[in-house]
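Novice: the following comprises the amino acid sequence and a computationally predicted model.
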2 protein chains.
Amino acid sequence: MEQKIKLLLADDHQLVRKGFRALLEELEFVEIVGEAANGREVISLLRSGVRPQVALLDYEMPVMNGLEATVEIKRDYFGVKIIMLTMLQSKELVQEAVEKGVSGFLFKNTSLEELSDAIRRVAAGDTYFSSEVALTLLKQAPNPDTPLLALLSERETEILKLVAQGLSSAEIGRQLFISPRTVDTHRNNIIHKLDVPGIAGLVQFAVRNKLI
Amino acid sequence: MEQKIKLLLADDHQLVRKGFRALLEELEFVEIVGEAANGREVISLLRSGVRPQVALLDYEMPVMNGLEATVEIKRDYFGVKIIMLTMLQSKELVQEAVEKGVSGFLFKNTSLEELSDAIRRVAAGDTYFSSEVALTLLKQAPNPDTPLLALLSERETEILKLVAQGLSSAEIGRQLFISPRTVDTHRNNIIHKLDVPGIAGLVQFAVRNKLI
DNA sequence: ATTGGGCTACGCAGATATGCGTATTTTCAG
DNA sequence: CTGAAAATACGCATATCTGCGTAGCCCAAT
């Protein structure tokens, strides 16, 4: 560790910011070169010549949040790596942050150890996403209307799948060896049970519940 | 680090296994208590009394792969934490592994530093997923048929959205101040451009491309 | 100036879905 | 055994979609 890592700290809560500073100052390999209370201040510091290797940005900040700041930084000061920090466990936020070019992403309940690792990795040009981030990405996927889905009988679920695939009653009837009228009945029962507007609603439901 | 972390190593390629052993033996805080060439051997070792804190399992193994082994281990030897290692960057695999109870997940192109961190964290009861894993989870999400989507004109896209929401031609016509027949024409053009089977296909396409 | 694409609109026949009933058989739990 | 729920099936009127054609208007590119 021949050279300290130059770091910029941004969080709108002064107490939090000072707390981070205190923690980070215990790490002998980082040097805090600036503090900001919002994205706008981060940009100002950069404009005035401050050159951190890593910017630790809170997402929730007034005036200009961490994501907006990221966009500007990546456009005008590409070399500055960014670690985003947030309280929100949101998949969409992570997704967007990665698209905007952040190198690291942590939730605020992380450990100092992890923060330290993240700073080192990111300064070295790597990316760093905490395990909690990965778990969040996995968890937020499912959104099943299980209660509604439970309303349907087996046969109805079967027919729902086929309808959602674009088959007509006649085709479904042939495939299941039942009368197309029966298929009609089932389809209509399903539409009423789920209270959706016709076939379009059925397909939407099926897709959302990963039936197809 | 008062006590070494007891580790079990499983990989079907002897060379790889020995390589890992060599690397891990350089870490003063791990002690390798066993080696296995497949999941079955891992179970045998556990049955014969070997008690690692952490099992480092390759996913790709003959006879019994890492995932299958995980299920058995978690059922019969719950205290043994598992780190899964694989060459495959597959979201589904990560998902399944987490469901089966692994504590860590790494791709084989990882650094020794990361492996070392992973072992420590997992032994401490945490979870550890490498940044590459997080990125894989993000990347594999999008599946847009952008080329197909580009085929559609603005107006068509607009109508596609409304159709997918379950509105009839008449309703759409009223909303856009055009004749329902025009809506028909657009809808049919879209169906042919995308080559999908009717409304069901349209809705599927719309959902997949996040138009709704 | 001509061409081409997109948007608009209409007609018409046949297919399909939708709404509302009715009814028989099967299945399964009380 | 008995009643409820599910699965099966049919009828019928109406609404809607689908396929195939035609056609005028506007605008941008050639």
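Specialist: Good, I have the coordinates.
Novice: only C-alpha atoms from now on, for both contacts and neighbour counts.
Specialist: Will do.
Novice: what about chain A, any weak spots by pLDDT?
Specialist: For chain A, residues meeting the criterion pLDDT under 70 lie at A:1-2, A:140-145.
Novice: got the residues of it near DNA strand D?
Specialist: Neighbours of DNA strand D within chain A, by Cα under 7 Å from any atom of the strand: A:151-156, A:177-182, A:185-186.
Novice: which of the three states applies to the residue in chain A positioned nearest to DNA strand D?
Specialist: Here the residue of chain A nearest DNA strand D is A:Ile178; by Cα to the nearest atom of the strand that distance is 3.1 Å. Three-state call for A:Ile178 (DSSP: H, G, I helix; E, B strand; the rest coil): coil.
Novice: okay, now it: neighbour count?
Specialist: By other Cα atoms under 10 Å in any protein chain shown, 13 other residues sit near A:Ile178.
Novice: quick one: the strands in chain A, in order.
Specialist: With strands called from DSSP state E, chain A shows them at A:5-10, A:30-36, A:54-58, A:81-86, A:104-107, A:128-129.
Novice: most remote residue from chain A's center?
Specialist: A:Ser179 (46.5 Å; Cα atoms, centre = their mean).
Novice: next, the contact list for that residue, please.
Specialist: Contacts for A:Ser179 (Cα atoms under 8 Å, 6 or more residues apart in numbering or on different chains) come out as A:170, A:173.
Novice: near DNA strand C, which residues of chain A?
Specialist: Applying Cα under 7 Å from any atom of the strand, we find that chain A lies next to DNA strand C at A:167-170, A:184-185, A:187-188, A:191-192, A:197-199.
Novice: buried only: go through those for me.
Specialist: A:167-169, A:184, A:187, A:191, A:198-199 (16 or more other Cα atoms under 10 Å in any protein chain shown).
Novice: so which of those residues belong to helices?
Specialist: A:169, A:184, A:187, A:191, A:198-199 (DSSP state H).
Novice: reformat these as a markdown table; add distance to A:Leu115.
Specialist: Formatted as a markdown table, those follow (distance: Cα to Cα, whole Å):
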| residue | distance to A:Leu115 |
| --- | --- |
| A:Ser169 | 58 |
| A:Asp184 | 59 |
| A:Arg187 | 54 |
| A:Ile191 | 51 |
| A:Gly198 | 51 |
| A:Ile199 | 50 |
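Novice: restrict these to contacts with chain B.
Specialist: Residues of those in contact with chain B (Cα under 8 Å from any Cα of the partner chain): A:198-199.
Novice: from the ones in helices among the buried ones among the residues of chain A next to DNA strand C, which is closest to A:Val98?
Specialist: Proximity of these to A:Val98 (Cα to Cα) peaks at A:Ile199, which lies at 36.5 Å.
Novice: that closest one and B:Ile199 touch, don't they?
Specialist: Yes. Using Cα atoms under 8 Å, A:Ile199 is in contact with B:Ile199, at 7.3 Å.
Novice: what would the strands of chain A look like in CSV with mean neighbour count?
Specialist: Listed next are the strands of chain A as CSV, based on neighbours: other Cα atoms under 10 Å in any protein chain shown:
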stretch, mean neighbour count
strand A:5-10, 24
strand A:30-36, 18
strand A:54-58, 27
strand A:81-86, 25
strand A:104-107, 24
strand A:128-129, 26
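Novice: can you give me the helices in chain A?
Specialist: Taking DSSP H as the criterion, chain A carries its helices at A:14-25, A:39-47, A:66-76, A:91-100, A:112-123, A:131-139, A:146-151, A:154-164, A:169-176, A:180-194, A:198-208.
Novice: distance of the spatially most central residue of chain A from A:Glu171?
Specialist: For chain A, A:Lys91 is the residue whose C-alpha lies nearest the centre (Cα atoms, centre = their mean; 2.1 Å). According to Cα to Cα, to the nearest Å, A:Lys91 and A:Glu171 sit 40 Å apart.
Novice: check contacts around A:Lys100.
Specialist: So A:Lys100 contacts A:67, A:70-71, A:74 (Cα under 8 Å, 6+ apart).
Novice: is it true that A:Ile159 touches A:Asn189?
Specialist: No. With contact defined as Cα under 8 Å, A:Ile159 does not reach A:Asn189; the gap is 10.9 Å.
Novice: between those two, who's got more neighbours?
Specialist: A:Ile159 (22 against 14).
Novice: and the more buried one, what does it touch?
Specialist: Counting by Cα under 8 Å, 6+ apart, A:Ile159 touches A:172, A:183, A:186-187.
Novice: distance to B:Leu115 added to the residues you listed, as TSV?
Specialist: What follows is the contacts of A:Ile159, written out as TSV (distance: Cα to Cα, whole Å):
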residue	distance to B:Leu115
A:Ile172	52
A:Val183	55
A:His186	54
A:Arg187	53
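Novice: for A:Asn209, see how far away A:Arg32 is.
Specialist: Actually, residue A:32 is Ile rather than Arg. For A:Ile32, the distance to A:Asn209 (Cα to Cα) stands at 48 Å.
Novice: would you mind listing what in chain A touches chain B?
Specialist: So far as Cα under 8 Å from any Cα goes, chain A lies against chain B at A:95, A:127-131, A:133-134, A:137-138, A:163-167, A:197-201, A:203-204, A:207.
Novice: one step back: most neighbours among the contacts of A:Ile159, please name it.
Specialist: Counting neighbours by other Cα under 10 Å, the top entry in the contacts of A:Ile159 is A:Val183, with 23 neighbours.
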